[in-house]
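K.L.:
Fold the following for me, if possible:
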Amino acid sequence: MNQFMLKMNLSVFLALVFVISACSHTMNVAKKEPAPTSAPVAGDQSSQEIVELNQLVKQNSQSSEAKKAHLRLARLYTNHNNHSRNYHKAMKHLQAYVKLENSKADKETLDWLAALKEINRLSREITQVQKELKKSNKSRTALTKTNRKLTREEIKLREKNRQLAESNQKLHKTIEMLKNLDQRLEEKRRNFSN
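P.N.:
Residues are numbered from 1 along each chain as shown. Model prediction:
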């Protein structure tokens with residue numbers, strides 16, 4: 001139940017993040033200069049642009065082009081057309097952008113950064129829960145195997161117990177027969193002695 005609620009909360013939160021980021025994107029269009037490339041992002045196009053922007057950031061880490069590249073990378077990593085979205089990388093690039101802005105970042109960018117931080121935190125929690133789930137599944141599998149083994153042993157022991165009970169009954173009958181035989185022999189010996 002807790003895992004379901006965690007997933008539900010994460011889904012609602014992600015939807016909120018996407019709405020906020022979409023709103024900030026449309027609200028910032030008039031205020032800010034356009035991104036380095038404003039064409040729609042798709043598969044290979046996105047990957048190629050990410051590679052180019054990362055190279056630009058590595059070459060000129062403090063330039064205004066690097067600042068724009070960080071912002072564009074954050075947008076590319078969270079873009080709905082990007083099939084390999086990476087919110088952690090988006091957060092890192094947005095943090096670098098805010099740092100290069102020298103406290104001039106607008107409210108929407110800071111809200112976006114806060115949302116990415118929360119997504120990153122929740123992703124780590126989900127990963128931890130998944131690890132614990134995998135571990136508990138392994139434990140459950142091991143316990144199931146042990147339970148099956150013990151059940152088989154119990155069945156064998158019950159069968160042995162049944163066989164021993166039958167053998168015990170046979171021995172009791174044999175003992176009774178021997179007692180009867182002994183009594184008859186004793187009576188015959190007495191009768192013969194007299």
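K.L.:
What separation do you get for residue 167 and residue 180?
P.N.:
Distance, residue 167 to residue 180, using C-beta to C-beta, to the nearest Å: 20 Å. All C-beta spots, glycine's among them, are computed from the backbone N, C-alpha and C.
K.L.:
try residue 97
P.N.:
Per C-beta to C-beta, residue 97 is found 104 Å from residue 180.
K.L.:
out of those two, which sits in the busier spot?
P.N.:
More crowded of residue 97 and residue 180, by other C-beta atoms under 10 Å: residue 97, with 21 against 10.
K.L.:
excluding its backbone neighbours, what's nearest the more buried one?
P.N.:
Leaving aside its chain neighbours, residue 97 sits nearest to residue 70 (3.9 Å; criterion: C-beta to C-beta, 6 or more residues apart in numbering).
K.L.:
Ok, residue 56 next?
P.N.:
In this structure, residue 56 finds its nearest non-sequential neighbour in residue 69, 4.8 Å apart by C-beta to C-beta, 6+ apart.
K.L.:
List the residues that contact that neighbour.
P.N.:
Residue 69 makes contacts with 36, 53-54, 56-57, as judged by C-beta atoms under 8 Å, 6 or more residues apart in numbering.
K.L.:
wait, which of the residues you listed is closest to residue 107?
P.N.:
Residue 107 lies nearest to residue 36 out of these, by C-beta to C-beta, at 22.9 Å.
K.L.:
Break down the chain into its helices, ranges please.
P.N.:
Counting by DSSP state H, the chain has helices at residues 2-28, 43-59, 64-78, 87-101, 107-193.
K.L.:
where does the protein have its least confident helix or strand?
P.N.:
Ranked by mean pLDDT, DSSP states H and E, the weakest helix or strand in the chain is helix 2-28, scoring a mean of 63.
K.L.:
Around residue 7, count how many other residues there are.
P.N.:
Neighbours around residue 7, by other C-beta under 10 Å: 13.
K.L.:
ok, now the one 4 residues further on?
P.N.:
Here the number of neighbours of residue 11 (other C-beta under 10 Å) works out to 10.
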